[in-house]
Each structure stands twice: as structure tokens, then as C-alpha cells.
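Novice: quick one: sequence and predicted model below, then my questions.
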Amino acid sequence: MLDKLQAIDQRLEAIVSQMEDPATYADPDLLRRLTREQKELEPVAEAYRACRAAEERLASAQELLGDPELREMAQEEMQEAREEAERLREELKILLLPRDPNDGKNVVMEIRGGVGGEEAMLFAADLFRMYVMYAEARGWKLEVVSRSETELGGLKEISFLVEGDGAWSRLKYESGAHRVQRVPVTESSGRIQTSAATVAVLPEAEEVEFAIDPNDLKIDTFRSSGAGGQHINKTESAIRITHLPTGVVVECQDERSQYKNKDRAMKILRSKLYEAEQEKQNAAIAAQRRSQVGSGDRSERIRTYNFPQGRVTDHRLAGDVKNFAIDAVVNGGLDPVIDALVTADQAARLVEARDNY
């Protein structure tokens, strides 16, 4: 591990030096790659340097043990330095775990109402509101690509982009079936109903990562429509793109500009095809994605929102840590849930790494 940490520290120094070269700024692609690599390596290098400093403090304190006047102070310093070094070693073990190559990417998200009729569509709208508030709290940018609404304000389905630092590393845990238990606004007798919605989370693919042959595309324009089918736009600004080899269809109708709709639809299409290609080329990646602290499979229930009991239960977690206050979560307070999932994921991977060592 020491050799790897030293190599990381040296690589970071080389990146910093290269980024000071004016020629680097003349190459935007190179600058983007170096900036991304710098951001990935800095936490490891900083922890490594702090660990070395703690170990040096420990060694210096040990040298003072022979002095009767300084022995008590030296023992205290040794204890503090030893605990600090041990904490940083554990932190480094986590930082050195294999990193998800998509962690630095933006995401494409899709929410669809599932079992439960109109109540499922209303729940899908509530989930979207939750992610909007979470994105705002994290300082991320959220853009709707397309949506299909019901007369009561529910969502049959909605696609949107989330752009921001760490978007995939946090939101990837949201992929799956979400279940709600509550008295629907459409229920006059006060009975509790169970409904569901599915959430899909895809890493946004850049053009340099996945190129699409224009000859493989069929592009149609049409008028945007809202709930109930009424037209909300008199011009044909909505875009439907069909990828002929795979049959994947993407629509974007949230913008009045045909150009903007096309640009967003291409982002969604590229991300869908990119993920499909990744899974086809490497089944192990797909298996790992599906097992994100339980499952990333959209067919498996990952979370239940129980309004009568005032709690949200994430079924991938165990013990008391799996339950959270529902008011906080549905109003965008997802960090405690995702933090617990990240911790569980890291713990599982540490065990796996030790078993394979």
C-alpha cells in the first residue's frame, strides 16, 4: 500500500506542475482530464501526507520518553498521534478501494409511475419534487428533458438531467423501485394504499466516450402536449429521436427551442446507449451496478415511504440505521439515507478486499 500511496503523491505533484504550464491551457481536453484526475487524487494524497505527519509526531514523542520532565507530555502526544495515524490508515483503506469510473459524472434520471393507478403517478411527482429539492440543497443544476403529466398533477413519467460535482456518486443509489404507503387524495374512505414508482439513474456519457453515427438516427418533430393531450406549444419544437440499430427512442419536449430539445434528447440517448454498451462489453460492471448495497435493479423494491408511521425505510440497510424521518426525506433531506448507503457499500467492499487479499 505504501508504494501505491507514494506513487499517487508523486503523480499529483506531476499534475500540478503540468497544469502550471501555459501549453496545458491551450488544450481544453487535456486540461479537463488533468483537472478530473487532480480532484480524484487529492483526497488520497492529503490523507497520506497527514498520516505521515502523524507518524512523525509519534516518532518525535517517543524520543522524549527518556526525559522525566517531558515524559507525561510525550505520552499524551504519542496517544494523540497514534490515534490520528490509525484513523488516517483506515481512511486510506477506503480511499484506495476501486473507484466507480462514473463517480465524477452528471446523471440522467427517469421516474415512472408504477402499480397503483393515479396514486402511483402522484407519488412519482412527489419523488421528482424530492430530487429537485435535494439537487438545490447540493448546489446541482437540474433540467427537465420530457414529462408526461396527469390531470391531477401526477407524473406518468419524467426524464431529467442533474449536473454537479458528485451527482452520480450520490444519486446512483436511488435506482430501483420506490414504494409508498399512505391514504391517497383520491381515496374517500380513508384507506391506506400501497403504490409504487420506479427510478432509473444513468451516468451521462460524453461525446468523446460514445459516438453515435448520424445515419443511425431517425429524428421526428412534433408539438409539445401537456396533461390530457392539450397542446401547450403551437410550433413543432418537440423532438423524438429513434436509434435504428437498437430501437431506443428518446423524446424531449420541455423547451420551446427545437435546438435545445434536440441537444438534450441526444444527451439522454447517448447515456442510454453508453450504459447498454458498457453492460454488453463487461458483465461484471453490470453485476456490480445491480448490487449497489443490495440492488440497482429497478424491478426490486429498495425503499418504502410509510406516511402513517412517519418513516422511510431503505431495505438495503440493516438495523436501526435503515429508518429515517419521512418529513425530512421527502423535502430533499436525502443525505442521511445516502450517507448510510455509502458507508454500507464501503464496508462491504472492504470485507471483499480483505477476503481477496
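Specialist: Arrived safely.
Novice: helix/strand/coil for residue 312?
Specialist: Of the three states, residue 312 takes strand according to DSSP: H, G, I helix; E, B strand; the rest coil.
Novice: what does residue 212 give?
Specialist: Counting by three-state DSSP, the backbone at residue 212 sits in coil.
Novice: next up, identify which helix or strand the closest residue to it other than its chain neighbours is on.
Specialist: In this structure, residue 212 finds its nearest non-sequential neighbour in residue 270, 6.3 Å apart by Cβ to Cβ, 6 or more residues apart in numbering. All C-beta atoms are positioned from the backbone trio N, CA, C, and that covers glycine. In this assignment (DSSP states H and E), residue 270 forms part of helix 258-281.
Novice: chain neighbours aside, what residue packs nearest to residue 217?
Specialist: Among residues not flanking residue 217 along the chain, residue 241 sits closest, at 5.8 Å (Cβ to Cβ, 6+ apart).
Novice: try residue 67
Specialist: residue 74 (7.5 Å).
Novice: next secondary structure element downstream of the strand or helix carrying that neighbour?
Specialist: Taking DSSP H and E as the criterion, the element that holds residue 74 is helix 71-95. Remark: after helix 71-95, the chain's next helix or strand is strand 107-113, criterion DSSP H and E.
Novice: please name every helix or strand in contact with the helix or strand just after that following strand.
Specialist: Next along the chain after strand 107-113, taking DSSP H and E as the criterion, comes helix 117-138. Applying 3 or more Cβ pairs under 8 Å, 6 or more residues apart in numbering; DSSP states H and E, one finds that helix 117-138 makes contact with strand 107-113, strand 141-149, strand 155-163, helix 167-171, strand 176-182, strand 193-203, helix 326-330.
Novice: would you mark the buried spots in the helix ranked longest in the chain?
Specialist: Counting by DSSP state H, the longest helix found in the chain is helix 28-63. Within helix 28-63, the residues that count as buried by 16 or more other Cβ atoms under 10 Å are 34, 38, 41, 44-45, 47-48, 50-51, 54-55, 57-58, 61.
Novice: same question, stretch 113-130
Specialist: Under the neighbour-count rule (16+ other Cβ under 10 Å), stretch 113-130 has 113-114, 116, 118-128, 130 buried.
Novice: so, low pLDDT: which residues of the stretch 201-350 of the chain?
Specialist: Along the stretch 201-350 of the chain, segments meeting pLDDT under 70 span 206-210, 224-236, 255-256, 281-300.
Novice: coming back round to it: list the contacts for the residue nearest to residue 67?
Specialist: Contacts for residue 74 were tallied using Cβ atoms under 8 Å, 6 or more residues apart in numbering; they are 61-62, 64-65, 67.
Novice: quick revisit: so the residue nearest to residue 212 is in contact with residue 202, correct?
Specialist: No: Residue 270 is beyond contact range of residue 202, at 9.9 Å (criterion: Cβ atoms under 8 Å).
Novice: what residues does stretch 327-335 touch?
Specialist: Residues outside stretch 327-335 that contact it (Cβ under 8 Å, 6+ apart): 126, 129-134, 136-137, 170, 305, 310, 312, 325, 336-337.
Novice: please pick the buried ones from the residues you listed.
Specialist: Using 16+ other Cβ under 10 Å as the burial test, these include 126, 130-134, 170, 305, 312, 337 as buried.
Novice: which pLDDT value goes with the residue of the chain most remote from its centre?
Specialist: Centroid-distance maximum for the chain: residue 68 at 55.0 Å, with Cα atoms, centre = their mean. Model confidence at residue 68, expressed as pLDDT, equals 87.
Novice: that's all I had, so thanks and see you.
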